[in-house]
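Colleague: give me the fold of what follows.
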Amino acid sequence: MKTTTQDTRWKSQDRNAGGPSRGGSTAQEERKGPDLSDRLLSFTSNLLGLAGSLPEDRAAGHLAEELLRSGTAAYFRHGEAEGSPSAKEFAEKFRACLTELRVSRRALQLLAKAGFPCDGQAVRTALEEVDILIRIFFSSIRTLENKAAA
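Modeller: Okay, the predicted model is just below:
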């Protein structure tokens with residue numbers, strides 16, 4: 001169930017107000033694709049699987065830990081942002097998500113370059129998705145800043 005606050009102008013635009021319950025969907029939702037929370041959940045879940053598939057040597061383990069840390073941190077910070085009491089705190093949490101996603105992208109780039117035995121297609125797919133997420137968060141932060149300046 002979605003919680004409400006007195007001032008919801010700053011709330012994440014990943015859910016449409018008055019939309020369907022978790023069980024249903026509207027034509028608008030089907031056109032725009034998954035909401036941001038679901039997209040982050042899917043990305044994080046894929047990173048968990050990718051990190052778990054890496055060899056258990058020191059170098060791969062270090063990279064797996066960084067993927068786990070940064071990927072889950074972005075998802076958890078987004079959850080914190082959804083419950084932020086102010087627009088300023090909401091924007092700060094989104095900036096933290098953006099930072100973690102950029103770290104995830106670096107870790108994925110290193111994983112692709114290092115040649116560890118793993119699913120190369122999964123790495124490429126994760127890189128594509130993290131680039132999309134970074135653009136979404138960057139645009140959202142810019143929009144929040146523009147609204148605050150107006």
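Colleague: what helices or strands is the longest helix seen in the chain leaning on?
Modeller: Of all the segments assigned as helix in the chain under DSSP state H, the longest by residue count is helix 120-149. When contacts are defined as 3 or more Cβ pairs under 8 Å, 6 or more residues apart in numbering; DSSP states H and E, helix 120-149 sits against helix 36-52, helix 87-114. All C-beta atoms are positioned from the backbone trio N, CA, C, and that covers glycine.
Colleague: so which of those helices gets nearest residue 62?
Modeller: Ranking the helices and strands packed on helix 120-149 by their distance to residue 62 (criterion: Cβ to Cβ) puts helix 87-114 first, at 9.6 Å.
Colleague: got the buried residues for that closest one?
Modeller: By neighbour count with 16 or more other Cβ atoms under 10 Å, helix 87-114 contains the buried residues 90-98, 100-105, 107-108, 111.
Colleague: same check on stretch 48-56?
Modeller: Going by neighbour count (16+ other Cβ under 10 Å), the buried part of stretch 48-56 is 50-51, 54.
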